[in-house]
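In: Task: produce atomic coordinates for the following.
(chains A and B)
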Amino acid sequence: MRRSTALLALSLLALGGAMAARATVPEALRVNDAAVAGAGMPRTLSEYRFFADGARQVPASGVTPYALNTPLWSDGADKLRFIYLPQGTQLTANGDGLLQFPVGSAIIKTFAFGAGEARRLIETRVLLHRANGWTALPYRWNAEQTEASLALAGGRVDLVTPAGEAISYAIPNKNQCKSCHSKGGAVIPIGPKARNLSGQWLGQMVRAGALDRVPDGAGRLPVWAARSASDPAAPLARAYLDTNCAHCHQPGGAASNSGLDLRWEQADAHAIGILKRPVAAGRGAGGYDFSIVPGAPDKSILLYRMDSAEPGIAMPELGKSSVDREGVAAVRRWILEMQPR
Amino acid sequence: MKRIALAAALLASAAPLAAETHHIAAGEGAAALLQETLILAKPGDVIEIGAGRIALTDGLSLDVDGVTVRGQGMDTTVLDFTSQQGAGEGLLVTSDNVTLTGFGIENPKGDGIKSKGADNIVYNSLRVEWTGGPKATNGAYGIYPVESTGVLVVRSKVVGASDAGIYVGQSRDITVRGNLVEFNVAGIEIENSRNALVTENIATHNTGGLLVFDLPGLPVMNGGNVILRRNLVIDNDTANFAPPGNIVASVRRGTGVLVMANDGVLIEDNAFEGNATAHVMVIAYTQAFDDARYNPHARNVIVGPNTFGRGGDDPQLDGKEALLAAFGGALPPVLWDGLSESPDSALKIAPGVTGWSLNLSRVGQSLAEAQPGPLLLAPTELWTFPVVGAPAELEARLK
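Out: Sure thing, here's the model as predicted:
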């Protein structure tokens, strides 16, 4: 975590300069706009030229690192996130929600395990904003760490998580990318919502001409990595559920039929699972009657499924082969502190 | 119309618009190739899977409209998920106008085949089976279309689902015909759905045969206009093995048909035999709820002429002995909870249909407060009911 914060600070310093200097960057070092915006599916990550140095994840000109206050947990992977904006374009704020991206832009996320010399890049997922909408594609890094290749059908990689668990890590296939990144059947980004980005970063983006304004509510989600035991439980837990669950569990999302809506802004107790009965949980219900029983985390289906890595029970269904102990602890504390009804 | 336009385009260009058939043979690399083909298929393409067994470690998914996935038969082409490590189902379909035909799915860790927001889907001659028999650790649903308009499920077989073999939820314009469902908790369940025809199925050795439910708190409610016609509902005698917490965990062993809430259900020309609790049960929603949009009552349920054989002779109900003694050794075929939103709006019966009532007086009342007695309803000779079922275009795809 410390490392990615440092990287972010570095990028903030560099940002203003990079934006101004871009016109002078030689063609061969610029991002390949045709690969981003065209109709094809580039076979290799290097074709996009998002990185000046892919193995070290040094972004190219026009590619800006960012971090989320409360990120999606993926088996403890270290995530390196970037936004690419074509020259002369900018992001548009939309309340504290998802930033609006111009056509031709891209969002890039690399998943890595291990620190320092031992760091291995596993996969890089790209979201490309094309004229007909967003396209999501997964790329798998080779053992030599010299290139990542399109992995349409996904794949599996044996690795050991930071928590010390040996797992079969799943790279999602193209359809599974959409399964989380969809609303009403269309692919959309999930992460870069103004409420989950720091005001400092957003301010830098505005000063660099890459964003129209810093909206109200920017950065209001708690910074997960900076949390402490004395922080109020509800904002942490709700932020965690928002970023880890709500992409499916919201109206129009992949799990809309469950009726469970875990978005940050959902205020209805039943909708977020309080004394809500399961619908299609099957054995995922674990013998319990309700998603959340106030004061009783060990009788709450939501926590039971978070606390499992077994397919058919585990939630999220995708992108998880082990249990996030810290996430479980935060949600457990929230449920425990709820007034029993 | 679309087809005519396509034909015209084909005539005009005579070249590359034609749909392709992709062949997948079982063997090394088949699983990845199958998933890649499902992703790269173009609308109209056929994905033909050869005979044999393909082992999968992850769920498959299809998100391209108008694709046909075809195997060589439900027992000949088998997608084996016994070693599945991820995803919530064996196969997930999220696109429209898809046809699935002639393959089997074994031992998925979650649901078998799920289609969500996938309009006009055909499930034909498929098999979803948990091969270890009825177990609480089996997946919930075998065939699972949800949030869709236009659903046809035919000639398929589901064995061992820990919730429902064939479950259609939050959908409309549905036909479920000619399927065999056995050793599931619920054979077939139509939930929060409208305009469904369930016909010519065999539901046997489930806990309950055919369920028609409307539940509160869901995005789509007000289920109704469901016809159960010409089904064989026989020997539903498997002990309930649903994981507790699920609504079907409350279904009593030996239930033939169970209607809970709903607006408009017609039950006619079915054959019932060996359902030890009740051949037909009509009740209001039994649990507490907080949803102003929801009507917990069963409304306009019609039990027409059916063949009722042995049944009601070992009811899984409190006070069983007293009930059996009172009714002469077996309960009559129709069990009603006695709850009606307005007088006589819940249940109508054809001449000759007999039953008994719990004579409850309010929704959610404990069964302990039941005052059982014979069903006292004036028979109805005539009724009208809408024509329901999947669009004809789906039937045409079977030819």
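In: Which residues of the stretch 1-150 of chain B lie near chain A?
Out: By C-beta under 8 Å from any C-beta of the partner chain, the residues of the stretch 1-150 of chain B that approach chain A are B:32-33, B:35-36, B:38-40, B:57-58, B:61-63, B:84-88, B:92, B:94, B:108-111, B:116-117, B:136-141, B:144, B:146-147. Quick note: C-beta positions are derived from backbone N, CA and C, even for glycine.
In: Drop anything exposed from these.
Out: Buried residues within the residues of the stretch 1-150 of chain B next to chain A, defined by neighbour count using 16 or more other C-beta atoms under 10 Å in any protein chain shown: B:32-33, B:35-36, B:38-39, B:57-58, B:61-63, B:84-88, B:92, B:94, B:108-111, B:116-117, B:138-141, B:144, B:146-147.
In: about what we covered before: if you look at the residues of the stretch 1-150 of chain B next to chain A, which of them are in helices?
Out: B:A32, B:L33, B:Q35, B:E36, B:L38, B:I39, B:L40 (DSSP state H).
In: hang on, isn't B:D173 packed against B:G150?
Out: Yes - using C-beta atoms under 8 Å, B:D173 is in contact with B:G150, at 5.2 Å.
In: ok, which stretches of the chain are helices?
Out: No chain was given, so I picked chain A. According to DSSP H, the helices that chain A contains are A:2-21, A:33-37, A:174-180, A:199-207, A:233-244, A:301-306, A:325-337.
In: my question was about chain B
Out: B:2-13, B:30-40, B:320-326, B:392-396.
In: now for the second one, which elements pack on it?
Out: Counting by 3 or more C-beta pairs under 8 Å, 6 or more residues apart in numbering or on different chains; DSSP states H and E, the packing neighbours recorded for helix B:30-40 are helix A:174-180, strand B:21-24, strand B:46-49, strand B:52-55, strand B:60-62.
In: So what does the residue in chain B positioned nearest to chain A have for phi and psi?
Out: Residue nearest to chain A within chain B: B:A140 (2.6 Å; C-beta to the nearest C-beta). Note on B:A140: its backbone torsions stand at phi -80, psi -60 [degrees, to the nearest 10].
In: Distance of it relative to B:V248?
Out: 9 Å (C-beta to C-beta, to the nearest Å).
In: joint contacts of those two?
Out: B:D163, B:A164 (C-beta atoms under 8 Å, 6 or more residues apart in numbering or on different chains).
In: for chain A, what are the nearby residues on the stretch 251-399 of chain B?
Out: So far as C-beta under 8 Å from any C-beta goes, the stretch 251-399 of chain B lies against chain A at B:Q287, B:D290, B:D291.
In: Contact partners for residue 48?
Out: Since you didn't name a chain, this refers to chain A. Counted by C-beta under 8 Å, 6+ apart, A:Y48 has contacts A:V31, A:N32, A:A35, A:V36, A:P42, A:A106, A:V126.
In: actually it's chain B I care about, not the one you picked
Out: B:E48 neighbours (C-beta under 8 Å, 6+ apart): B:T21, B:H22, B:H23, B:I24, B:R70, B:G71.
In: go on, A:P215?
Out: Counted by C-beta under 8 Å, 6+ apart, A:P215 has contacts A:A93, A:N94, A:G95, A:D96, A:A194, A:L202.
In: Filter those down to the buried ones.
Out: A:A93, A:D96, A:A194, A:L202.
In: Just give me the closest of the residues you listed to chain B.
Out: A:D96 (24.8 Å).
In: shouldn't the closest one be in contact with A:G199?
Out: No - look at A:D96 against A:G199 with C-beta under 8 Å: they stay out of range, at 10.9 Å.
In: overlap in contacts of the two?
Out: Common neighbours of A:D96 and A:G199 (C-beta under 8 Å, 6+ apart) are A:A218.
In: and the ones in helices among the residues of the stretch 1-150 of chain B next to chain A as TSV, adding pLDDT?
Out: Listed next are those as TSV, based on pLDDT from 0 to 100:
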residue	pLDDT
B:A32	94
B:L33	96
B:Q35	96
B:E36	95
B:L38	97
B:I39	95
B:L40	94
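In: ok, back up a step: ok, and the closest non-adjacent residue to the residue of chain B closest to chain A?
Out: What sits nearest to B:A140 in space, not counting adjacent residues and going by C-beta to C-beta, 6 or more residues apart in numbering or on different chains, is A:G282, at 2.6 Å.
In: What's the local residue count around the one you found?
Out: Using other C-beta atoms under 10 Å in any protein chain shown, A:G282 is surrounded by 27 other residues.
In: got the residues of the stretch 201-341 of chain A near chain B?
Out: A:251, A:254, A:256-257, A:259, A:270, A:275-289, A:301, A:310-312, A:317-318, A:321.
In: Mind checking which of these are buried?
Out: Buried among these (16+ other C-beta under 10 Å): A:254, A:256-257, A:259, A:270, A:275-286, A:288-289, A:301, A:311-312, A:317-318, A:321.
In: Mind pulling up the pLDDT for A:G284?
Out: At A:G284, the model reports a pLDDT of 88.
In: quick one on the thing from earlier: who are the contact partners of the residue nearest to B:A140?
Out: A:G312, B:G110, B:D111, B:G139, B:A140, B:Y141, B:S162, B:D163, B:P243, B:N246.
In: And it, how close does it get to B:G150?
Out: Applying C-beta to C-beta to A:G282 and B:G150 gives a distance of 25 Å.
In: contacting residues for B:L79?
Out: Applying C-beta under 8 Å, 6+ apart, the residues contacting B:L79 are B:I49, B:I54, B:L56, B:L60, B:G90, B:L91, B:F103, B:G104, B:I105, B:E106.
In: Across the sheet, point out what pairs with it.
Out: Note on B:L79: beta-bridge partners by DSSP bridges are B:I54, B:I105.
In: quick one: low-confidence parts of the stretch 1-150 of chain B?
Out: For the stretch 1-150 of chain B, the stretches flagged by pLDDT under 70 are B:1-17.
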